[in-house]
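> Predicted structure and sequence below. I'll ask about it afterward.
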Amino acid sequence: EAQVTQNPRYLITVTGKKLTVTCSQNMNHEYMSWYRQDPGLGLRQIYYSMNVEVTDKGDVPEGYKVSRKEKRNFPLILESPSPNQTSLYFCASSLSRDRFSTGELFFGEGSRLTVL
Amino acid sequence: LAKTTQPISMDSYEGQEVNITCSHNNIATNDYITWYQQFPSQGPRFIIQGYKTKVTNEVASLFIPADRKSSTLSLPRVSLSDTAVYYCLVVIYNTDKLIFGTGTRLQVFP
């Protein structure tokens, strides 16, 4: 089944404790991206990757890192989480992102992160 | 600064047509506009995508005027299962960054 898988789905952690949210897609998609969703602010792009070894900042990249060593995986790293990073996170992928179209983005189920 | 705005909420009844508009300034000249649907506790799901004029698929239509400063998602004959939050998605001018609209919560009543 074609899907985007995120782990963990739920996590409660403490300030400063490094964590990684994994994202994996099985559709051979080139484009992958991360978003956070907060009440009243909607979905905001954190980072995106056009292809392997190519990553770029989205709208709200501060406090996050990403890597794209393999096509299928795009982990989101919080080196030193803070309470303002408490949010619902979504990973998404699409076949490609050319100059004219995002293509159809396929989203994961979300990862709810709480930083105390 | 790119900004996309949508009505916060809309109410409708089963069988009616619903039109949700997204206003977007400073979007990429040549990029598509896309709409997504989101149910609680799920990731957004693609509905429709267009560049200009009108696009129609089996679930919705999308109207984009010539100036591309707005777009309207049209849902014909909504049902209770269409109760969800709807987002437009655009590309910021001169970048590859994506920006979602503020989201419209549609409530469909029997």
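Happy to help now that I have it.

> Going by C-alpha atoms from here, please, whenever you check contacts or count neighbours.
Fine.

> How about the residue most central in space within chain A: what's its closest non-neighbour residue?
Per C-alpha atoms, centre = their mean, the C-alpha nearest to the average position across chain A is that of A:Trp34, at 2.6 Å. Spatial nearest neighbour of A:Trp34, excluding adjacent residues (C-alpha to C-alpha, 6 or more residues apart in numbering or on different chains): A:Cys91 at 4.5 Å.

> Packing partners of the helix or strand hosting that neighbour?
Element membership of A:Cys91, judged by DSSP states H and E, is strand A:87-94. Counting contacts by 3 or more C-alpha pairs under 8 Å, 6 or more residues apart in numbering or on different chains; DSSP states H and E, strand A:87-94 is packed against strand A:4-7, strand A:31-38, strand A:106-107, strand A:111-115.

> ok, and for it, which residues are buried?
Across strand A:87-94, burial judged by 16 or more other C-alpha atoms under 10 Å in any protein chain shown covers A:87-94.

> ok so, going back, and the residue nearest to the centre of chain A, what's its pLDDT?
Per-residue pLDDT puts A:Trp34 at 97.

> for the residue nearest to A:Thr22 when sequence neighbours are not counted, what are its contacts?
Leaving aside its sequence neighbours, A:Thr22 sits nearest to A:Pro75 (C-alpha to C-alpha, 6+ apart; 4.4 Å). Neighbour list for A:Pro75: A:20-23, A:66-68 [criterion: C-alpha atoms under 8 Å, 6 or more residues apart in numbering or on different chains].
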